[in-house]
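Visitor: Sequence and predicted model, in that order:
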Amino acid sequence: MTCIDASGMDYAALNAAIRAHDGDIIIQNCMGQRFIGAGAQNHTIQIYGIPGNALGAYLDGATVEVFGNAQDAVGDTMNAGRIVIRGDIGDTAGYAMRGGRIYVHGNAGYRTGIHMKAYQDKLPVLVIGGRTGSFLGEYQAGGVIVVLGLDAVGERPIVSNFPCNGIHGGKLFLRSDCAEIAFPEQVTARPATPEDMAEIEEYLREFCALLDFDFDMLYASRYTVVTPDSQNPYQQMYVAN
Amino acid sequence: MGIQWNYPEFEVVRNDSRCIRCQVCARQCANEVHRYEAEIDAMISDESRCVNCQRCVSLCPTRALKIVKSDCRLRENANWNQDAIREIYKQAESGGVLLSSMGNPKPYPVYWDKILMNASQVTNPSIDPLREPMETRVSLGKKPSKVERDENGRLKCELSPQIQLSMPVMFSAMSYGSISYNAHLSLARAASELGVCWNTGEGGLHQDFYQYGAHTIVQVASGRFGVHKQYLEAGAAVEIKMGQGAKPGIGGHLPGAKVGPDVSRTRMIPEGSDAISPAPHHDIYSIEDLRQLVYSLKEATAYQKPVIVKVAAVHNIAAIASGIARSGADIIAIDGFRGGTGAAPTRIRDSVGIPIELALAAVDRRLRDEGIRNNVSLVVGGSVRSSADVVKAIALGADACYIATAAVLALGCHLCRTCQSGKCNWGIATQRPDLVKRLNPDIGSQRLINLMTAWNHEIKELMGGMGINSIEALRGNRLMLRGIGLNEKELQILGISHAGE
Ligand code: SF4
Ligand code: SF4
């Protein structure tokens, strides 16, 4: 186990120090350094403090755990591995992620899970304990997004405006009846069936075990499942010239 | 629907006295224009399907065929020309957005053709490239703007990562999916043999081509297809695609029909699923955000690879390039509005963006004025058609050029401009196995090598004529250029004098 005190370090120095070590790393006093764990494969990185943007970008198998909030672009284009955030996160988490899992205790910002993909045995999973901002799952092409709304205070819906525009693959699970959410035309939103729930049981168990939530309560809740109607949403739009 | 006036655009003219009924044309035309009618022992054509790709013409053993423009036309009208009317009919029928391919075919000014080069006479000697050394090698990347020494007075020799090229021309981005496996293989092999680079485009790098990594530029676009750590590490450089000359401001869209098993594996998306790369990167709304992507790529590759940012030439290109030069990018690639594409909405291809010649001149001047020209190398594309265009581009300030249309022409493209159909009879813009195999990668790569080798000779001759013996000495050397038939404003933007001055 290597311990790195990040105070006063810029991101290039911190990341060079991370690259220079194999195995488990603890980062203390993290203060906004970007790109931590970019492309990391074998590390386990624990972060105390607040990492900066693009945490775990292109992550390729490593495990990252943050004891605090994280900022924008968590897990950008992630390929494999796991990111656990014990707080809130900023915008565009999981942009184009193709594999691995991101578990967030709190809320997420705009454009969460956009361009998520899936491929062969790779199925990215993004579980948000709280709520998300607008444009959730835009252009989603694969993978599973779960939003639990666990901080539910007041009247705010579980996801803000314009979720799922341009989606053409993958599946969303929203722990809400979604009565107040306006989905675009090209998706189907329906109550989750027991078969649907079986698909996410493993992720929910892991999420609850890691972040101390009550699995039985969560699993028994009502969810809305959102799926695209077509893999080819823009097929009819063009005429050859 | 109403009656359609859709008289075919092209006519198949068959000289029956030469036709030997071999039916090569019928087998070769993926558009199924030709057919043999046994009862009457005759070849029949359905011209309405012909795209004028000249495949049948090229393969007819007796030269019995030619394809000509139909003279069945609507009444001449300089304003409502045939295309304008035909396009309205198409849209009235379908309600669809017009989709075209290859570069802008409209008669906009081609500034390359309005620029002339200098040659030495009497007062300074020209150089004979056959006898004297002539340097066409270039390296792309950040250059130090001053000499630095360490505390012992020794020179600091550490450079930012560079791309080394044997000549100032590279093959620009064309994705696997938009073009075929054999086209990618031809480009990769030729680039490796020539000591230049080819570019994966945004569709990932096929596993078979990782061996050409040292001569490969790997692209990262908004859809991030096939982007993972090994991919980023495989290439000589990483290119962030912000825009493309043929369709500035909009994204890419590979229809699910072209996403077969191999394309799916390379893009890492399911078979049959549309591959959508939206217009913006949804995490980039500012130069600061761009800087973040640039540095996330540098971090993921441990600062070993130069990062290119590719943009389309648009109105404020000089200011945009200035921002990119400050974003940490090592190289800026600018794509002019005549750049080719596998598919783009016609209206955007034909009327958005600006010519690369003007964009290049404006950017080079702006970066010099701001004292940041050495922060970046400049690569330009968007219809560089010949070695003369290359030399003019370098004299206008480019470090190197990107070619794509010229490269696919060398591979056998006949510019029929129907790549979007996926039925390219020349095996280039298609994924159909029977068509792909028509492009032999041994021949394809050799033709690319021939083209580039010939250009390199010509570049040396042109430089030698000016008395210049290296690309370095030609770069930004606008005194070597004169305009012909250009107005004051154009000359001012290009930063050159008029012929005779
Ligand atoms: S589409 Fe090409 S091969 Fe077919 S008839 Fe026309 S020119 Fe010949
Ligand atoms: S690549 Fe093929 S389809 Fe496209 S313009 Fe060239 S010949 Fe036509």
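Guide: Good, I have the coordinates. Ligands and ions are numbered 1, 2, ... in the order given.
Visitor: Look up how far ligand 2 lies from residue B:87.
Guide: Residue B:87 is 19 Å from ligand 2, where distance means Cβ to the nearest ligand atom, to the nearest Å. Glycine gets a C-beta too; all of them are placed from N, C-alpha and C.
Visitor: helix/strand/coil for the residue nearest to that residue when sequence neighbours are not counted?
Guide: Excluding its sequence neighbours, the residue lying closest to residue B:87 (Cβ to Cβ, 6 or more residues apart in numbering or on different chains) is residue B:98, at 5.9 Å. Three-state call for residue B:98 (DSSP: H, G, I helix; E, B strand; the rest coil): strand.
Visitor: Look at residue B:98 and report its pLDDT.
Guide: What the model reports as pLDDT for residue B:98 is 94.
Visitor: how many neighbours does residue B:14 have?
Guide: For residue B:14, the neighbour count with other Cβ atoms under 10 Å in any protein chain shown is 19.
Visitor: Excluding chain neighbours, what is closest to residue B:390?
Guide: Excluding its sequence neighbours, the residue lying closest to residue B:390 (Cβ to Cβ, 6+ apart) is residue B:401, at 5.0 Å.
Visitor: Now do the contacts for that neighbour.
Guide: Counting by Cβ atoms under 8 Å, 6 or more residues apart in numbering or on different chains, residue B:401 makes contact with B:168-170, B:379-381, B:384, B:389-390, B:393-394.
Visitor: rerun at 7 Å
Guide: Going by Cβ atoms under 7 Å, 6 or more residues apart in numbering or on different chains, residue B:401 touches B:168-169, B:379-381, B:384, B:390, B:393.
Visitor: Which positions are bridged to residue B:219 in the beta structure?
Guide: residue B:239 (DSSP bridges).
Visitor: Check the gap between the residue nearest to residue B:87 and residue A:120 for me.
Guide: According to Cβ to Cβ, to the nearest Å, residue B:98 and residue A:120 sit 36 Å apart.
Visitor: returning to that earlier point: filter the contacts of residue B:401 down to the ones in helices?
Guide: B:390, B:393 (DSSP state H).
Visitor: and of the contacts of residue B:401, the nearest to residue B:296?
Guide: The closest of these to residue B:296 turns out to be residue B:379 (Cβ to Cβ; 21.9 Å).
Visitor: That closest one against residue B:394, yeah?
Guide: No: using Cβ atoms under 7 Å as the test, residue B:379 is too far from residue B:394 to be in contact (10.8 Å).
Visitor: ok, the residue nearest in space to the middle of chain B to residue A:185 distance?
Guide: Residue closest to the average C-alpha location in chain B (Cα atoms, centre = their mean): residue B:404, at 3.0 Å. Relative to residue A:185, residue B:404 is positioned 37 Å away (criterion: Cβ to Cβ).
Visitor: Kindly report the same for residue B:259.
Guide: In terms of Cβ to Cβ, residue B:259 sits 23 Å off from residue A:185.
Visitor: And those two? Which one has more around it.
Guide: Set residue B:259 next to residue A:185 and count neighbours by other Cβ under 10 Å: residue B:259 wins out with 25 against 7.
Visitor: Surely the more buried one touches residue B:273?
Guide: Yes: counting by Cβ under 7 Å, residue B:259 does reach residue B:273; the two are 6.1 Å apart.
Visitor: So for these two, which residues contact both of them?
Guide: With Cβ under 7 Å, 6+ apart, residue B:259 and residue B:273 have no common neighbours.
Visitor: Could you find the closest non-adjacent residue to the residue nearest to the centre of chain B?
Guide: Residue B:404 sits nearest to residue B:172 (Cβ to Cβ, 6+ apart), 4.4 Å away.
Visitor: Among residue B:98 and residue A:120, which residue is more densely surrounded?
Guide: Neighbour count, other Cβ under 10 Å: between residue B:98 and residue A:120, residue B:98 has more, with 19 against 11.
Visitor: What residue in chain A comes nearest to chain B?
Guide: As assessed by Cβ to the nearest Cβ, chain B sits closest to residue A:239 within chain A, at 3.2 Å.
Visitor: Nearest residue to that residue in space, ignoring adjacent ones along the chain?
Guide: Excluding the flanking residues, the one nearest residue A:239 by Cβ to Cβ, 6+ apart is residue B:96, at 3.2 Å.
Visitor: Now the phi/psi pair for that neighbour, please.
Guide: phi -100, psi 160 (degrees, to the nearest 10).
Visitor: Hmm, it is touching residue A:238, no?
Guide: Yes: shown here, residue B:96 and residue A:238 form a contact pair, counting by Cβ under 7 Å, at 5.0 Å.
Visitor: out of the two, which sits in the busier spot?
Guide: residue A:238 (18 against 14).
Visitor: Any idea how many residues pack against residue A:87?
Guide: 16.
Visitor: Count residues in the vicinity of the nearest residue to it once chain neighbours are set aside, would you?
Guide: In space, and not counting its chain neighbours, residue A:87 is closest to residue A:69: 3.7 Å by Cβ to Cβ, 6+ apart. Applying other Cβ under 10 Å, we find 18 other residues in the vicinity of residue A:69.
Visitor: Give me the pLDDT value at residue A:235.
Guide: 69.
Visitor: quick revisit: quick one: the residue of chain A closest to chain B is in a strand?
Guide: Yes: membership of residue A:239 in a strand is supported by three-state DSSP.
Visitor: doesn't residue B:89 make contact with it?
Guide: No: between residue A:239 and residue B:89 there is no contact, the gap being 10.3 Å when judged by Cβ under 7 Å.
Visitor: Compare those two (neighbour count), which wins?
Guide: residue A:239 (16 against 13).
Visitor: Please name the bridge partners of the more buried one.
Guide: residue B:98.
Visitor: okay, it: pLDDT?
Guide: 88.
Visitor: quick one: contacts for it?
Guide: Residue A:239 touches B:90-91, B:94, B:96, B:98-99, counting by Cβ under 7 Å, 6+ apart.
Visitor: between those residues, which is nearest residue B:158?
Guide: Within the contacts of residue A:239, the smallest distance to residue B:158 is 48.4 Å, found for residue B:99 (Cβ to Cβ).
Visitor: what's the single longest helix in chain A?
Guide: Longest helix in chain A, counting by DSSP H: helix A:194-211.
Visitor: Against which helices or strands is it packed?
Guide: strand A:101-104, strand A:125-128, strand A:141-147, helix A:215-220 (3 or more Cβ pairs under 7 Å, 6 or more residues apart in numbering or on different chains; DSSP states H and E).
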